[in-house]
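Student: below: sequence and its predicted model.
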Amino acid sequence: MKIFINGEMKSYDQNNLTVFDLIVEAGIENKKYAIECNGHIVPKSEIKEKYVKEGDKFEIVGAVGGG
Amino acid sequence: MKLWEQSVAVNQNDALTIGSRSFKSRLLVGTGKYKDFNETRQAIVESGAEIVTVAIRRTNIGQDANEPSLLDFLPPSEFTYLPNTAGCFNADDSVRTLRLARELLDGHNLVKLEVLGDKETLYPNVIETVEAAKTLVKDGFEVMVYTSDDPIVAKMLEDVGCVAIMPLASLIGSGMGILNPWNLDIIIKNSSVPVIVDAGVGTASDAAIAMELGCDGVLMNTAIAEAQKPVMMAGAMKKAIEAGREAYLSGRMNKKLYQASPSSPTSGLIK
């Protein structure tokens, strides 16, 4: 399965990945973040139930320094 | 009121109310451009600011889970976060960014809207700003909005429901100070929501002047972060905001153009 995370393509062998699995792989499950799938925010309450599909485009964001 | 009570009254009752929230400090600060997170925190603590702005950006994927982040140094439990839309050039991107910010901050709805028109000057595109503001207010956000010093636009943004109007003093990061106090004066006189100068402050006197004009607060980032001694400048800014505010509330003397008036008696001179 090929998906996009923050503009980069990633390949996975598994078919039963959840959005939460992507968050854990990104190392941010204990940080503040937000995630969009195909332009729609995935609420944190739903990320463990939402499965990743072929071609999904994710944006994962955090808060950084800024004015 | 006894004389000493005048100053006590200012300190205790002079809260800054923004939307549904109340603050003691009238200095708001950005978190960008510092040397490191330690300096960021030290400067912000020295400034006494309660509200800090942050940007929303793609995270580094595959980072070490133990790597510290900005929020570890400035916990949301200690500060009120103001996510911004820096880098957005249209209403759609701004709205999308702030919805992500709200999700990231667990429903926190106080936000800073800035829609830029130009990469060189970072001047706001006020037309897109008004559009974005309408959408965000309808979606339940409390919007503090960066704008030009155009009094008509400022009033429009208030009318669509923004909780604070944030006119620029001069260009973002320029340190040029307050270029048009006359327009700021008009905006302040016509506004029934807080007016917070945002962008262009360079040194302490700029902040004091903004407060003396009657602004409700000042937001700055570069003025502190790019000072030779940021922590010291943060302290200076805190005092400047307080001094300017007290001067404003004290009711300054009238300017008497080209008219001198001696402070010492003119009678009883020795001959």
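Tutor: On my side now, so go ahead. Numbering: from 1, shown residues only, chains lettered A, B, ... in the order given.

Student: flag the shaky bits of the chain, pLDDT-wise.
Tutor: All of this refers to chain A. Scanning chain A for pLDDT under 70 picks out no residues.

Student: chain B, not that one
Tutor: In chain B, residues with pLDDT under 70: B:1-12, B:63, B:65.

Student: ok, and for the longest helix along chain B, which residues are buried?
Tutor: The residue-count maximum for a helix in chain B (DSSP state H) belongs to helix B:230-250. Using 16 or more other C-beta atoms under 10 Å in any protein chain shown as the test for burial, helix B:230-250 gives B:230-231, B:233-238, B:240-246, B:248. C-beta here means a position set from N, CA and C on the backbone, and glycine is covered the same way.

Student: for stretch A:23-30, same thing?
Tutor: For stretch A:23-30, by 16+ other C-beta under 10 Å, it's A:23, A:26-28.

Student: quick check: the farthest pair among these?
Tutor: Taking C-beta to C-beta, the two most distant members of the buried residues of stretch A:23-30 are A:Ile23 and A:Gly27; they sit 8.7 Å apart.

Student: show me the contacts for the residue nearest the centre of chain B.
Tutor: In chain B, the residue lying closest to the centroid (C-alpha atoms, centre = their mean) is B:Leu219, at 2.1 Å. In this structure, B:Leu219 makes contact with A:67, B:28-30, B:51, B:53, B:166, B:196-199, judged by C-beta atoms under 8 Å, 6 or more residues apart in numbering or on different chains.

Student: what's the nearest residue to the closest residue to chain A within the stretch 151-271 of chain B if we skip its chain neighbours?
Tutor: Relative to chain A, the nearest point of the stretch 151-271 of chain B is B:Asn221 (3.3 Å; C-beta to the nearest C-beta). Distances taken as C-beta to C-beta, 6 or more residues apart in numbering or on different chains place B:Gly30 nearest to B:Asn221, at 2.8 Å, with adjacent residues excluded.

Student: ok, and what's touching the lengthiest strand in chain B?
Tutor: In chain B, with assignment by DSSP state E, the single longest strand is strand B:51-58. Contacts to strand B:51-58, defined as C-beta under 8 Å, 6+ apart, come from residues A:6-7, A:34, A:59-67, B:23, B:25, B:28-32, B:44, B:70, B:74, B:79-87, B:97, B:100-101, B:104, B:112, B:219, B:221.

Student: just the buried residues of those.
Tutor: For the contacts of strand B:51-58, buried by 16+ other C-beta under 10 Å: A:6, A:34, A:59-67, B:23, B:25, B:28-32, B:44, B:70, B:74, B:79, B:81-87, B:97, B:100-101, B:104, B:112, B:219, B:221.
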